[in-house]
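K.L.:
No sequence on hand, only this structure:
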């Protein structure tokens, strides 16, 4: 984002200083309308506005310099934070006229560069955050230290709907360093002199819980509820033609059910927050994707106006959607209020895994009908999700995204997407790529099934469904991924799987290149092509695609949060195992050159790996994977390594 | 009082002997580059060198580290001049950056034992977890550092 501003400003990148913004409406994303780093909205939301701001500032600086020199503005130019009067060769720094420039009216229609004149956009200057991230000096939320600060540890009812009935902290009070016990609606915190003292004292607190509505609920039951919901009432998200009638009239039909489990975010930095209350309001330090959410959470606990809560945003050790929530802010504010001193709350990893806002379990029943020529005449998708977001209104248009807005729809005359909100009460969270973390896995799997059923090449069938204007960009990434992966000539013994989709304003296609020995998958490489509009920072795009793929592949291989008696059964990296260095595949990414406005890049990369891999497994074995994770299918995983 | 030598400086800390070294480093000595990730030695975010050996400080009681020489991320150079740090910047390895202190110390330890590791050596030695998916860049940076003479 600084590159976009600096491009139009003509500023010197080496002198750039980046500061975290406080919570304030002027920082609201111009497209998303919240000050949130979510939904892959940052660059695509701010692209035009940051250019306008940079260009307006440049015009003001040029005007101030020209006025001071007594020359026409059009004879002046700016580069690297230096203003030059071309005819005389005189030059001066931005800083020398900044004060005068600030007094000028702000141009409302500043002239923007043409893309051909970009000098920063499209390049990869060194990121300004690297230095602090290789010497340990980058400050994350967990690193905040204040004078007179105490530490809080937290433990809540394992059953997600649990409510605290009673508590006995007699033993905890006798522990060294103990300061305060803070009961919560669903658990308890202990505040102590050090974090270690807090942890030890907390272990001595005895609690009794009312388990609530999730008592007795387990994963098999949730799966059963979702599958039964296929036959109940549903809401229509999209309907073209008359799919039920066309299905009934089809010469032959197919049906398949796909399902995925809950997932946790497992950010490397456990949730934490530091709060200091004073007479004027309070200060909150945390890594957050949503400073305004944090501000309101603390204000609600303290009963003060949000404007009196000062948010200090730090680096965050992974967000992935988890840090768009503010539960940890609410708790830290309660702890600081109870203790009467500044408090840093730190969750354990176990709390993090067991009290997340989860990517919901979801299932889709697909039906397809074919005419005599083998064309898809009807396509029905019934999307069932086990949880929907509680902090925003979201109907079926939300959780069917990736299906209802599929670019295949224009090629299918009768296309119907319905949704069922079978909310069983497990907390929903936005998990990197949101619905695109599961809907494309299912849709691209079923499309692959259709191709096999019709005895058509899965790549060519997809091509045939994208031969219309809305399919053009998806077709291009599909083609590029297929070409770069050598779709038509796999290496001997190798099998390829392909998937392509549109998500977050971008288009992405991926090919997984595997071989199989029995149940052992060897992933040789992953090839991805993306069209994300103007590629603002190609090296970062590559990093986001690779990181997104790892996030999606981890989930595909063995990502699974299971529920028993309403409680999450996993607790740490030993039973919620994330991908390791030894499992990291070779990854190639290709960016389609584009002058279209930027699309999102943080999330699209997560979506296509699961279907590409599952489709490759089918190509290798004839076994169709309709649910994740792959570990549930008795499949094991390794990657190819070049020797040497 | 427990005596520790951290990054060449002698410290005496008044803490329980069962307090993990991680929390002593972070909360008593205020060296916050060493991170808490899992508390069970599974993720490597808390990695430090104890008498030159890689240790996961969240599992090491400070009493067991008494009298040892401990190196944290802050101790490997004063100016980011260590070849591994330079390689990390050259390859733009970090994303969120939270796991990187541990990654860098693990890489330094690997290169001391094996100045020219193969990919397989890196797979075996680098067990630190990263949720941002920086593994391929970590690998490239280790190879780059191995190519520089002083790693």
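P.N.:
Arrived safely. Being a predicted model, the structure only gives us computed values, none of them experimental.
K.L.:
what does stretch A:188-197 contact?
P.N.:
With contacts defined as CB atoms under 8 Å, 6 or more residues apart in numbering or on different chains, stretch A:188-197 is touched by A:150-156, A:164, A:167, A:169, A:172, A:175-182, A:198, A:201-202, A:205, A:207, A:331, A:334-335, A:338-339, A:343-346, B:15-16, B:19-20, B:23, B:27-28. All C-beta atoms are positioned from the backbone trio N, CA, C, and that covers glycine.
K.L.:
repeat that with 6 Å
P.N.:
Here stretch A:188-197 makes contact (CB atoms under 6 Å, 6 or more residues apart in numbering or on different chains) with A:150-154, A:167, A:172, A:177-182, A:198, A:201-202, A:205, A:207, A:335, A:339, A:343, A:346, B:19, B:23, B:27.
K.L.:
Any residues of chain B in contact with chain A? List them.
P.N.:
Within chain B, the residues that sit near chain A (CB under 6 Å from any CB of the partner chain) are B:19, B:23, B:27, B:32-33, B:37-40, B:42-43, B:73-74, B:80, B:85, B:88-89, B:94-101, B:119, B:123, B:126, B:129, B:131-133, B:135-136.
K.L.:
Quick check, central residue of the chain?
P.N.:
No chain specified, so I'll use chain A. Centroid-nearest residue in chain A, with CA atoms, centre = their mean: residue A:432, separated by 2.6 Å.
K.L.:
if you could check chain B rather than the one you did, that'd help
P.N.:
Nearest to the centroid of the C-alpha atoms of chain B, with distances taken as CA atoms, centre = their mean, sits residue B:105, at 3.1 Å.
K.L.:
Please name the nearest non-neighbouring residue to it.
P.N.:
residue B:47 (4.7 Å; CB to CB, 6 or more residues apart in numbering or on different chains).
K.L.:
Burial check on the one you found, number of neighbours?
P.N.:
Residue B:47 has 29 neighbouring residues, counting by other CB atoms under 10 Å in any protein chain shown.
K.L.:
Pull the contacting residues for it.
P.N.:
Residue B:47 neighbours (CB under 6 Å, 6+ apart): B:102, B:105, B:106.
K.L.:
circling back: as a whole number, average confidence for the helix or strand hosting the residue nearest to the centre of chain B?
P.N.:
Element membership of residue B:105 [criterion: DSSP states H and E] is helix B:100-113. Averaged across helix B:100-113, the pLDDT comes to 98.
K.L.:
Now do it: everything it contacts.
P.N.:
With CB under 6 Å, 6+ apart as the test, helix B:100-113 has contacts from A:133, A:136, B:33-34, B:44-45, B:47, B:54, B:73, B:84, B:94, B:117, B:125-126, B:128, B:138, B:142, B:151.
K.L.:
from the residues you listed, which ones fall inside strands?
P.N.:
Among these, the residues falling in strands (DSSP state E) are B:47, B:54.
K.L.:
Please check the contacts of helix B:100-113 and keep the buried ones.
P.N.:
Using 16 or more other CB atoms under 10 Å in any protein chain shown as the burial test, the contacts of helix B:100-113 include A:133, A:136, B:33-34, B:44-45, B:47, B:54, B:73, B:84, B:94, B:117, B:125-126, B:128, B:138, B:142, B:151 as buried.
K.L.:
Out of the residues you listed, which sit inside helices?
P.N.:
Members of these lying in helices (criterion: DSSP state H): A:133, B:84, B:125, B:138, B:142.
K.L.:
which SSE is the nearest residue to the residue nearest to the centre of chain A once chain neighbours are set aside in?
P.N.:
Distances taken as CB to CB, 6+ apart place residue A:320 nearest to residue A:432, at 4.4 Å, with adjacent residues excluded. Using DSSP H and E, residue A:320 maps to neither a helix nor a strand.
K.L.:
can you count the residues close to residue A:320?
P.N.:
Count around residue A:320 with other CB under 10 Å applied: 27.
K.L.:
Assess the claim that it and residue A:433 are in contact.
P.N.:
No. When contacts are counted by CB atoms under 6 Å, residue A:320 is not listed as touching residue A:433 (9.3 Å).
K.L.:
Spit out the contact partners of the residue of the stretch 1-150 of chain A found nearest chain B.
P.N.:
Proximity of the stretch 1-150 of chain A to chain B (CB to the nearest CB) peaks at residue A:136, 1.9 Å away. Contact analysis of residue A:136 by CB under 6 Å, 6+ apart lists B:33, B:73, B:74, B:101.
K.L.:
buried stuff in stretch B:15-28?
P.N.:
Judged by neighbour count using 16+ other CB under 10 Å, the buried positions of stretch B:15-28 are B:15, B:16, B:19, B:20, B:21, B:22, B:23, B:24, B:25, B:26, B:27, B:28.
K.L.:
Give me the pLDDT value at residue A:32.
P.N.:
pLDDT, residue A:32: 89.
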